[in-house]
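[1] Give me a model of this one.
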Amino acid sequence: MKLFPRENYLKKIRSFYDADDLIKVITGVRRCGKSCLMALIVQELQARGVPEDHIIYLDLDERKHRKVKSADALEELIESYDPGNGLRYLFIDEIQNVDQFEEVLNGFRTEGSWSIFITGSNSYLLSGELVTKLTGRYLEFEVFPLSFEEYENMKLFLELPVSANPLEELSHFILEGGFPRTLTLPDLQARRRYVSGIIEEIFEKDIRRRVKIREKDTFEKLRSYMINNFGGLMSLNSIYRALKGSGLHISKNTVARYIRILLDAKVLYECPRFDMKSKRSLQGEKKYYLADLSFYYAVNTDNRVQFGPDLENLIYVYACSHDYSISVGRIGNFECDFILRNPEMDYAYVQIAYTIAASRETEDREYRPLEMIRDNYPRYVMTTDYILQKRNGISHVNIMEFMKKGMEF
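    Got it, this is the predicted structure:
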């Protein structure tokens, strides 16, 4: 089967294809494409000549594996494959179906002849059990729904029409979202229904099976509140007051617990604030972004693109997918939308707006926080404008072109 190649992720994992001392853990929100990424790795191994009997792929959601629930059953299943000598490649999808799978995988890992890849329920894979039992013995590769670049390229891959107007195409991407399966569905209504199903599936499979939610209605109201207010500065107290003010009977501890559950399931991502003068993280207010904007549009009837928070969310997820650490910056009385730090500990500063062409006042508002930064790291104003300018060494870039080219900050 021909699969859409997700090179941004494959290039991160290739160096570890043959690593028998490290378990490769592929995480990401449900239905973002983790299983297809593993299938792509299998295809690359086959293309370079790895014998098929040395590649073992187990989907534990398949009916034939429905009885594989215990560590002993998993071990017996793996041992039933006998490829002989040489490095064997073991791929296991939905590993969370097995109790105490960590001990089994670690046992095969120590034999030195198994390169192991796993995916599964996010809230489980990110729980303390995996971290405690496999510390230093695994690498996590986080996958996100399609980026704008991938969205356009996958449409071409599927021979679907792509608008010649980049802003129109961006609007389609925002409203439809980046879950790969949606591109095979006929219309926006079907795509929204599919994403609503993902939301319910996350609750039933990733959350309800792992943690106790006594009041599902209360949890869903908090989930809706967080989804509807993505991109805004919020604190635990402000969320609690808003929910109480709406007539919801909930404790502050429960609010904090439910938010943690949504973060573990990768529905939400938390972006802390950082004071650039004191060089310290700020406690209290944070911003929360969505794994995919379709979560917002699937639970709302609004078809109007809200470019402010939408563009912020797109850049946040884009930066995460390129392995940047991200925070919101405060510079005196001004806010910098994002401070980005790459794995080499280099920084970049980003302001995001729909346009700065409307007025000089708008332009000044976006440039002023960046002009107060005195170090020599790159600074960006990112907009949908095609007429670009430079001011005091600050780069003005077009968001669509930046993402389409897969550029680094």
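[2] For the rest of this, base every contact and every neighbour count on C-alpha atoms.
    Fine.
[3] can you tell me the average pLDDT over stretch 377-390?
    Averaging pLDDT along stretch 377-390 yields 95.
[4] now it, how far from the chain's geometric center?
    Its chain's C-alpha centre and that of stretch 377-390 lie 25 Å apart, by Cα atoms, centre = their mean, to the nearest Å.
[5] cool, and stretch 147-154?
    Centre-to-centre, stretch 147-154 and its host chain are 15 Å apart (Cα atoms, centre = their mean).
[6] Then stretch 143-163?
    17 Å.
[7] Between the two ends of that stretch, how far is it?
    Terminal residues of stretch 143-163 are spaced 26 Å apart (Cα to Cα, to the nearest Å).
[8] again, but for stretch 385-401
    Its start and end residues considered, stretch 385-401 measures 10 Å (Cα to Cα).
[9] buried sites along it?
    385, 394-400 (16 or more other Cα atoms under 10 Å).
[10] okay, among the residues you listed, which ones form the most distant pair?
    Across the buried residues of stretch 385-401, the longest distance by Cα to Cα is 18.2 Å; it joins I394 and M400.
[11] So which of the buried residues of stretch 385-401 sit within strands?
    Judged by DSSP state E, strands contain the following of the buried residues of stretch 385-401: 394-398.
[12] right, and E94 touches E62 too?
    No. Using Cα atoms under 8 Å as the test, E94 is too far from E62 to be in contact (9.7 Å).
[13] ok, these two, which is more surrounded?
    Applying other Cα atoms under 10 Å to E94 and E62 shows that E94 carries more neighbours, namely 18 against 11.
[14] so how far is G33 from the nearest residue to the more buried one once chain neighbours are set aside?
    Computed as Cα to Cα, 6 or more residues apart in numbering, the closest residue to E94 that is not its neighbour in sequence is G120, at 4.0 Å. Remark: distance between G120 and G33 (Cα to Cα) = 11 Å.
[15] For those two, work out which one has more neighbours and name it.
    Legend: neighbour count by other Cα under 10 Å for G120 and G33, higher for G120 (24 against 21).
[16] how about the strands in the stretch 51-200 of the chain?
    55-59, 88-93, 114-119, 138-142 (DSSP state E, counting those that start in this stretch).
[17] Direction-wise, compare the last one with strand 114-119 and give the angle.
    For strand 138-142 against strand 114-119, the angle by axes from the mean of the first three to the mean of the last three Cα atoms, to 10 degrees is 40 degrees.
[18] Give the other helices and strands that strand 138-142 contacts.
    helix 7-13, strand 23-27 (3 or more Cα pairs under 8 Å, 6 or more residues apart in numbering; DSSP states H and E).
[19] can you list contacts of that strand?
    9, 12-13, 22-28, 321 (Cα atoms under 8 Å, 6 or more residues apart in numbering).
[20] and it, which residues are buried?
    For strand 138-142, by 16+ other Cα under 10 Å, it's 138-142.
[21] so for that strand, what's the average pLDDT?
    pLDDT averaged over strand 138-142 gives 92.
[22] Tell me the strands beside that strand, with direction?
    strand 23-27 (parallel) (DSSP bridges).
[23] between the next helix or strand after the strand it pairs with and strand 138-142, what angle do the directions make?
    Where DSSP states H and E defines the elements, the next helix or strand beyond strand 23-27 is helix 34-47. Put simply, helix 34-47 runs at 110 degrees to strand 138-142, going by the same axes, to 10 degrees.
[24] tilt between helix 34-47 and strand 88-93?
    Using the same axes, to 10 degrees: helix 34-47 against strand 88-93 is 160 degrees.
[25] pLDDT of stretch 393-409, averaged?
    On average, stretch 393-409 scores 94.
[26] oh, I was asking about stretch 1-16
    Stretch 1-16 comes out at a mean pLDDT of 95.
[27] ok so, going back, mind checking how far the residue nearest to E94 is from M276?
    38 Å.
[28] cool, and E335?
    Distance from E335 to M276, counting by Cα to Cα: 10 Å.
[29] Overlap of the contact sets of those two?
    G329.
[30] And S325, how close does it get to F148?
    Applying Cα to Cα to S325 and F148 gives a distance of 20 Å.
[31] How about R209?
    Going from R209 to F148 by Cα to Cα gives 33 Å.
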